[in-house]
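Asker: please find the sequence and the predicted model below.
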Amino acid sequence: MNYKKYPLVALAGAAAVGNGGFAIGQEAAPGREMVLEEVVVTAQRRAENLQDVPMTITAISGKDISEYKLFEFQDLSQLSPGLSLENNGAFGSVAQLRGVGFDSNSSTSPAVDVYVNGTPMDANYAFQTLYDIGQVEVLRGPQGTLRGRPSPAGAITVTTRSPDLEGWGGTLQASGSDQDATNFQGGVTVPMIAERLALRVAGVVDDNDGNQVSSVNSSHEDKRETESWRSTLLWAPTESLDGTLAYQWMRADINNLTEVEGPGAGYNGRSISGAGHAVNEFKPAQTLKSELTTLNLNWELQAFRIVFDAAYQDNSFDSFAEGDGSNAVTNFAAAQYTQSKYEDRTFELRLESTEEQFVEYLVGLWYQKTKTSSSFQQPNVLEGAFGSPLSPNPIGPPDFAYSLDVTGDIPVKFKNQAIFGNVVFHLTDKADLSVGARYLKDDVKRSQTLNIGAGQIAIDIASAAGEPPGTPLGWCGDGALPMPPFTGTETYPGYCDLQIDASDFTQGGSDNHNEWVYDASLRYNFTDDMMAYFTYAHSWRPAGVTVGITSPLTPVELLSGDPEETDSYELGFRSEWLDNRLRVNTSVYYQDYSNFIARFEDVPYVGAGNTLQSGGFTYPGDATVQGFELDATFDVNEDWWVRLTTAYADGKFDDADVPCRDTNSDGRPDNGDIGNLVPADFGGNSVLFCTVDYAISTVPPWVSTVQSAYSFPVFGLRGNARMLYNYYGDQDDYGRGYKADAYGILNLYLDIGSEAGDWTVTLWGKNVLDDDTQLFQGEPGTAFGAFEPGFYGVSYVAEREVGVTLRYSFGEG
């Protein structure tokens with residue numbers, strides 16, 4: 001096969017050697033040569049040896065994903081230290097890298113972008129499935145000059161497996177564990193015209209119990225059910241022309257309960273300690289649906305290649321979220337219903353040189369058009385909903401006459417156009433200079449419409465009249481007070497009912513930006529086995545947006561702040577030693593952010609009816625990041641190899657003024673009770689602000705991974721024993737009060753299979769030492785301004801899981 005003609009096919013084949021060095025997913029053959037195999041990556045839009053690329057990259061092959069039983073997208077972080085992937089039910093998926101956090105609720109392009117077959121995909125949908133993969137690449141540092149849209153911390157590129165034009169093949173895999181988890185997946189290639197046309201069909205059905213949380217107040221428990229299938233057609237009508245068309249369908253149904261601990265309040269559930277418990281009376285439910293179609297065309301000419309990529313996405317999300325996860329009021333969900341639709345079109349045209357000359361070049365055009373629409377509905381309960389404000393009753397349901405029904409619509413239209421290019425100058429036979437730039441035009445139109453229904457609130461008139469609170473008046477609305485808007489009713493002694501009329505509120509606007517992102521790299525090869533590089537990159541992101549807050553915001557920057565800019569500097573060293581048995585790669589970096597786009601959750605704010613509520617806000621603040629990475633792989637002998645990877649990242653705000661939870665008004669964030677605050681504490685703003693220098697990511701500064709595998713014969717069969725150990729250091733302060741201790745997770749795998757590798761049985765254990773480190777702990781707080789439920793949010797390391805996997809391959813797999 002012509003690998004120059006099919007660069008992605010070459011990538012998929014060469015990438016089977018594993019993530020960053022040795023063939024970590026490849027069972028060693030008896031008497032194999034003790035040498036680390038070449039890893040091929042496409043980080044710079046061309047197939048290259050990883051050791052030649054002036055960038056830090058982790059390459060994870062499809063075989064690695066199978067060997068290490070990575071059933072879910074977030075499992076990829078186990079093979080890439082410093083990368084954190086959190087699938088928080090549905091919306092709220094988080095990708096963090098190099099000490100930089102990102103929350104998809106910030107409504108901007110991500111700090112870590114995800115690409116599936118070349119097109120950017122929202123993390124909330126990308127995180128739901130992982131099957132039949134060719135290769136995943138984790139690109140560290142600013143991206144965007146050569147692909148898609150700018151992302152300042154890095155990118156994750158996913159290349160799904162393509163058909164093989166040379167023959168039939170397929171793989172079937174079935175897995176089950178003691179945690180009631182099952183995963184069935186497979187893929188089959190069908191040749192249609194010899195070496196010209198082939199079809200591959202793949203799919204997965206995954207069923208698991210999520211975070212293993214169940215409610216003590218109901219039969220509800222965590223549940224995740226995911227189904228997906230993909231059809232890929234590869235057509236190569238001539239030796240110089242080929243095209244790949246892929247269609248993927250996915251549906252995920254998710255029930256995620258709120259994990260809590262605490263003594264409770266006596267009426268809302270028993271005392272709880274330890275992992276895996278909730279007090280939900282109602283079952284939160286989310287459904288995500290996604291359809292992704294991608295097209296790739298390659299036309300190979302004499303000295304250059306023309307590439308055309310196109311993609312269309314049609315995604316949707318429906319959610320019922322319980323707003324009372326601590327069960328502060330029984331028989332009341334405080335539910336928010338959300339519906340979201342996401343439609344995206346992307347087109348890219350590239351011209352690439354294919355002959356190695358003094359100058360190599362790549363130029364391209366990019367176009368993306370995205371349309372999203374979100375709607376929500378939720379009740380805002382007011383004074384009087386739980387009985388007399390002097391003695392509110394937590395036994396629900398509340399009296400909804402004292403509430404405002406709030407609905408909202410948030411349509412957003414986004415268009416991104418760009419022209420980009422990259423030039424590599426081969427200055428000498430040892431030195432290369434690479435320069436790239438992207439000029440982009442970014443247009444966004446958005447609005448947020450709130451429809452606030454009519455209702456009423458009980459007003460303390462007795463205190464206003466100089467009487468003790470609760471003193472019966474008997475004269476509400478009889479002329480002593482103006483009739484409107486009071487109703488004339490004294491439902492509760494000392495309180496007059498005030499009528500609140502329905503109202504509408506619209507806030508929105510548009511942003512238009514013309515920006516440059518660019519980078520430059522200088523690479524020098526001291527020998528064939530030793531290379532050093534220096535890379536500078538400048539990146540940019542449009543401002544984030546706060547959505548879902550059901551009241552006007554002051555200052556207006558709480559809705560949308562300023563765009564983000566960042567400059568990054570990286571020095572790296574690549575080397576191979578001991579006749580290519582030892583590979584050592586290192587890098588150090590520094591990155592400076594102006595207006596880093598951050599997300600702040602559980603922030604108190606002044607809401608409708610001048611009530612205090614808690615919500616999430618997107619807001620910018622200056623920050624810096626510095627760190628280093630080490631990746632070392634050693635081929636001990638023909639049957640045994642070992643690998644160590646370490647990442648250190650120190651990312652912090654630079655004395656930034658940001659929205660905060662400051663419940664004692666001392667100017668410092670805390671995790672206290674918002675019941676300690678009154679609207680007057682906010683000084684006319686919707687939120688409180690604190691000057692902070694805490695971490696901008698929840699990932700611990702130190703993260704390390706140790707991997708090893710040993711291959712051995714067993715009664716004419718082939719055995720393979722593997723281990724994967726992930727170490728997470730002490731967590732930095734990130735403004736939430738609780739800091740998790742250091743901990744380690746040990747996974748073990750034992751394979752028995754045929755010498756030919758066509759069948760394998762694997763016994764595996766994850767977290768075999770059953771580490772139970774607590775990762776987060778909130779503080780008890782006041783709910784609905786009246787009740788102390790006695791429960792607070794927590795999270796723990798997932799408990800030990802033991803399972804077995806059966807895998808069968810035929811033909812080309």
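Answerer: All right, it came through fine.
Asker: for burial, what's the neighbour tally of Thr773?
Answerer: 14 (other C-beta atoms under 10 Å). Every C-beta, even on glycine, is put in place using the N, C-alpha and C of the backbone.
Asker: roughly how far does it sit from Ser175?
Answerer: Applying C-beta to C-beta, to the nearest Å, the value for Thr773 to Ser175 is 26 Å.
Asker: again with Gly99
Answerer: On the measure of C-beta to C-beta, Gly99 and Ser175 end up 34 Å apart.
Asker: correct me if wrong: Met530 contacts Arg574.
Answerer: Yes. Look at Met530 against Arg574 with C-beta atoms under 8 Å: they come within range, at 7.3 Å.
Asker: look at the nearest residue to Tyr743 once chain neighbours are set aside and report its pLDDT.
Answerer: Using C-beta to C-beta, 6 or more residues apart in numbering and skipping residues adjacent in sequence, the residue nearest Tyr743 is Thr773, 3.8 Å away. Per-residue confidence (pLDDT) for Thr773: 95.
Asker: so which bits of stretch 648-666 are buried?
Answerer: 648-653, 656, 658-663 (16 or more other C-beta atoms under 10 Å).
Asker: same deal with stretch 411-418?
Answerer: Neighbour counts over stretch 411-418 (16+ other C-beta under 10 Å) mark 411-412, 414-418 as buried.
Asker: quick check, pLDDT for Arg643.
Answerer: pLDDT at Arg643 comes out at 97.
Asker: hang on, it in a strand?
Answerer: Yes. Counting by DSSP: H, G, I helix; E, B strand; the rest coil, Arg643 falls inside a strand.
Asker: doesn't Val636 make contact with it?
Answerer: No. Arg643 is beyond contact range of Val636, at 10.8 Å (criterion: C-beta under 8 Å).
Asker: higher neighbour count, those two?
Answerer: Per other C-beta under 10 Å, whichever of Arg643 and Val636 has more neighbours is Arg643, with 23 against 13.
Asker: any idea how far that one lies from Met723?
Answerer: With distances taken as C-beta to C-beta, Arg643 is found 11 Å from Met723.
Asker: overlap in contacts of those two?
Answerer: Counting by C-beta atoms under 8 Å, 6 or more residues apart in numbering, the contacts common to Arg643 and Met723 are 706-708.
Asker: any chance of those in a markdown table, plus neighbour count, pLDDT and distance to Leu130?
Answerer: Listed next are those as a markdown table, based on neighbours: other C-beta atoms under 10 Å; pLDDT from 0 to 100; distance: C-beta to C-beta, whole Å:
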| residue | neighbour count | pLDDT | distance to Leu130 |
| --- | --- | --- | --- |
| Val706 | 16 | 98 | 23 |
| Gln707 | 25 | 97 | 19 |
| Ser708 | 17 | 97 | 23 |
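Asker: so which of these comes closest to Pro54?
Answerer: Sorting the shared contacts of Arg643 and Met723 by how near they are to Pro54, with C-beta to C-beta, puts Gln707 at the top with 25.0 Å.
Asker: how close does that closest one sit to Gly494?
Answerer: Summarising the geometry, the distance separating Gln707 from Gly494, computed by C-beta to C-beta, is 69 Å.
Asker: next one: Gly186
Answerer: Summarising the geometry, the distance separating Gly186 from Gly494, computed by C-beta to C-beta, is 70 Å.
Asker: what about those two, which has more around it?
Answerer: In terms of neighbours (other C-beta under 10 Å), Gly494 is the more surrounded of Gly186 and Gly494; the figures are 24 against 18.
Asker: ok so, going back, between Gly99 and Ser175, which is the more surrounded one?
Answerer: Ranked by neighbour count (other C-beta under 10 Å), Gly99 and Ser175 place Gly99 first, with 27 against 19.
Asker: surely that one and Pro700 touch.
Answerer: No. Applying C-beta under 8 Å, one finds Gly99 not in contact with Pro700, separated by 9.8 Å.
Asker: from what I see, Asp180 and Asp209 are in contact.
Answerer: Yes. Assessed by C-beta under 8 Å, Asp180 is found in contact with Asp209 at 5.3 Å.
Asker: contact partners for Tyr247?
Answerer: For Tyr247, the set of contacting residues under the criterion of C-beta under 8 Å, 6+ apart consists of 230-231, 291-293.
Asker: low-confidence ranges in this structure?
Answerer: For the chain, residues meeting the criterion pLDDT under 70 lie at 1-34, 89-91, 477-484, 548, 550, 608-609, 733, 735-736.
Asker: one more time with 50, if that's ok
Answerer: Residue ranges of the chain with pLDDT under 50: 1-32, 479, 481, 483.
Asker: for it, what spans make up the helices?
Answerer: If DSSP state H is used as the criterion, the helices of the chain fall at 7-14, 62-67, 123-126, 461-464.
Asker: who touches the residue nearest to the spatial centre of the chain in this structure?
Answerer: Relative to the mean C-alpha position of the chain, the nearest C-alpha, by C-alpha atoms, centre = their mean, is the one of Val94, at 2.8 Å. Contacts for Val94 were tallied using C-beta under 8 Å, 6+ apart; they are 84-86, 88, 101-104, 123.
Asker: so which of these wins on neighbours?
Answerer: Neighbour counts for those peak at Phe102, which has 29 neighbours (criterion: other C-beta under 10 Å).
Asker: what separates that one from Asn211, distance-wise?
Answerer: 21 Å.
Asker: hang on, the earlier thing: select from the contacts of Tyr247 the one having the most neighbours.
Answerer: In terms of neighbour count, Leu292 stands highest of the contacts of Tyr247 at 24 neighbours, by other C-beta under 10 Å.
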